[in-house]
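Asker: sequence first, then the predicted structure:
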Amino acid sequence: MIKSLVACLAALVASACMVVSIDETTVFEPIAYDETLAKQTGQTMIGERAFQSEADWSYVWASRAEADAGFPKQAAPFVEAKVEHGRFGTGEGGLAYTLVTRAASADTLVVRCGGNASTRQRSGYRYTVVAIPHGDVLLFDYPGYGETGGTASPERFQKMADELVPLVREKAAGRKIVLWGHSLGGLVCSELAARLPETSGVIIETSARNAREVAEAWTPWYAAPFVRIEIAKGFGDIDVAKALNGFRGPVLVLGGEKDGTLPVQLARSVGKALTGAGVAAQYVEFKGGGHSDLMVQKSFTAVIEAFFANIG
C-alpha cells in the first residue's frame, strides 16, 4: 500500500496535472419531473396526501420510514394542511412551486431550498414535514429541475434569486420569513436572504461556505500540493458569509460529523465565518449525523424548536 501511495505521489509530482473542478457537472444534478409517476400516484409531490388526514399521515410516514433509513421511524404529530401547486411567471417560463398551508393559521412562512439532486416531486414531502410544525412551507424547483425545467447553469441560478423575491413576498403576505437551505440550498437561501432584508431567520443544513472550500475538502491531503483547483465562472462569487454579512436575524448552522458528501469541516467553516463577521449564528454539530439524515438525530427536533422560538 505504501509503495503504491509513493508511486501515486511520484506520478502527481511528475505530471502536476491533477485538477479538481467545480462546474455545472459537479454542482447540478437535474432531475426531470416524472409525469408517469404523478399519474400513478395522483400526486404532484409524492406524499402530499399525508396532510389530508391522520390516517394518511401515519400511512405515508410509515411508508417513507420503511424505505428511507434517514427518515424517523416514529411519526410526528399530524398537521392538517392544504397543498397547492403553481408556477410563478418570471424568468424562463417561471418557477414551479408548492405551497403547503396549515389549517391552523401560521405567522411564519418557511422557504425550503433543496439539495442539488432534489425536486418538489421527490423531496418535497421530506423537506415539508420537518418545517410544517413551525409555519406554512414554500418549496420550488430549481432551473433545469422538476417542473421548472429549462437549463441548470450558474447564470440561470443567479437570476433565480431575484425571481424568488416576489414569489416569497407574495406567499409570505407580511408574515415572518425563515429560509431553510439544505446542501446546495444553503448557498441558495443565503443569496436569497441578501435580497430579502425582512427575513427573520436562516437555517443552513449540511452545506458549505463556497465552491473553493468544497474543492479543497474533496482534495486528499497528500495530493494537495500537486492539485490545481478550477472554479467555473459564476460559482466563484457565491459565498455564504458574504451574502449574510450584515444579516440581523439569527442563523442556525447544522453540521453532520459523518457527512460523506460535504465533509463536516465545511459546515464548521460556515459557522466560524458568520460569527467572525458579527452575525448572530449558532453552530450545532450532530455526532452521528450524515448529509441527509439529521432529522433522525436525537436532539434535532429540540434544536429546531429552540431556533423558531427565538425568532421575534
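Answerer: Perfect, I can see it now.

Asker: so residue 87 sits in a helix?
Answerer: No - the assignment for residue 87, made by DSSP: H, G, I helix; E, B strand; the rest coil, is strand rather than a helix.

Asker: does it really touch residue 94, like I thought?
Answerer: Yes - Residue 87 is within contact range of residue 94, at 4.4 Å (criterion: CB atoms under 8 Å). Any C-beta I mention is one placed from the backbone N, CA and C, and that applies to glycine too.

Asker: neighbours of residue 207, how many?
Answerer: Using other CB atoms under 10 Å, residue 207 has 29 other residues around it.

Asker: isn't it up against residue 187?
Answerer: Yes - at 6.5 Å, residue 207 counts as touching residue 187 under the criterion of CB under 8 Å.

Asker: hey, what's in contact with both of those two?
Answerer: 181, 240 (CB atoms under 8 Å, 6 or more residues apart in numbering).

Asker: let me see the ranges of the strands in the chain.
Answerer: 18-22, 81-88, 95-102, 108-113, 136-140, 176-182, 201-205, 227-231, 251-256, 281-286 (DSSP state E).

Asker: nearest to residue 69, out of the ones you listed?
Answerer: strand 251-256 (14.0 Å; CB to CB).

Asker: neighbouring strands for the closest one, and are they parallel or not?
Answerer: Using DSSP bridges, the strands paired with strand 251-256 are strand 201-205 (parallel), strand 281-286 (parallel).

Asker: in the last one, which residues are buried?
Answerer: Read that as strand 281-286. 281-284, 286 (16 or more other CB atoms under 10 Å).

Asker: circling back: distance to residue 295 and mean pLDDT for the strands of the chain - can I get that in JSON lines?
Answerer: Converted to JSON lines, these look like this (distance: least, CB to CB, whole Å; pLDDT from 0 to 100):
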{"stretch": "strand 18-22", "distance to residue 295": "28", "mean pLDDT": "81"}
{"stretch": "strand 81-88", "distance to residue 295": "18", "mean pLDDT": "97"}
{"stretch": "strand 95-102", "distance to residue 295": "17", "mean pLDDT": "98"}
{"stretch": "strand 108-113", "distance to residue 295": "13", "mean pLDDT": "98"}
{"stretch": "strand 136-140", "distance to residue 295": "14", "mean pLDDT": "98"}
{"stretch": "strand 176-182", "distance to residue 295": "10", "mean pLDDT": "98"}
{"stretch": "strand 201-205", "distance to residue 295": "10", "mean pLDDT": "98"}
{"stretch": "strand 227-231", "distance to residue 295": "31", "mean pLDDT": "87"}
{"stretch": "strand 251-256", "distance to residue 295": "10", "mean pLDDT": "98"}
{"stretch": "strand 281-286", "distance to residue 295": "10", "mean pLDDT": "98"}
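
Asker: could I get the ones you listed as JSON lines with distance to residue 44?
Answerer: Below are those laid out as JSON lines (distance: least, CB to CB, whole Å):
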{"stretch": "strand 18-22", "distance to residue 44": "32"}
{"stretch": "strand 81-88", "distance to residue 44": "5"}
{"stretch": "strand 95-102", "distance to residue 44": "7"}
{"stretch": "strand 108-113", "distance to residue 44": "16"}
{"stretch": "strand 136-140", "distance to residue 44": "11"}
{"stretch": "strand 176-182", "distance to residue 44": "20"}
{"stretch": "strand 201-205", "distance to residue 44": "24"}
{"stretch": "strand 227-231", "distance to residue 44": "36"}
{"stretch": "strand 251-256", "distance to residue 44": "28"}
{"stretch": "strand 281-286", "distance to residue 44": "32"}
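
Asker: quick one: closest of these to residue 311.
Answerer: strand 201-205 (4.8 Å).

Asker: can you give me the helices in this protein?
Answerer: Applying DSSP state H to the chain gives helices spanning 2-15, 24-27, 35-41, 54-67, 120-129, 154-172, 184-195, 211-217, 240-243, 264-276, 300-309.

Asker: out of those, which is closest to residue 99?
Answerer: Residue 99 sits nearest to helix 154-172 of all the helices of the chain, at 5.7 Å, using CB to CB.

Asker: what angle do that closest one and strand 95-102 make?
Answerer: 30 degrees (axes from the mean of the first three to the mean of the last three CA atoms, to 10 degrees).

Asker: okay, the angle between helix 154-172 and helix 184-195?
Answerer: 70 degrees.

Asker: next, the buried residues of helix 154-172.
Answerer: 154, 156-157, 160-161, 163-164, 167-168, 171-172.

Asker: among those residues, which two are most distant?
Answerer: Across the buried residues of helix 154-172 (CB to CB), the longest gap, 27.0 Å, separates 154 and 172.
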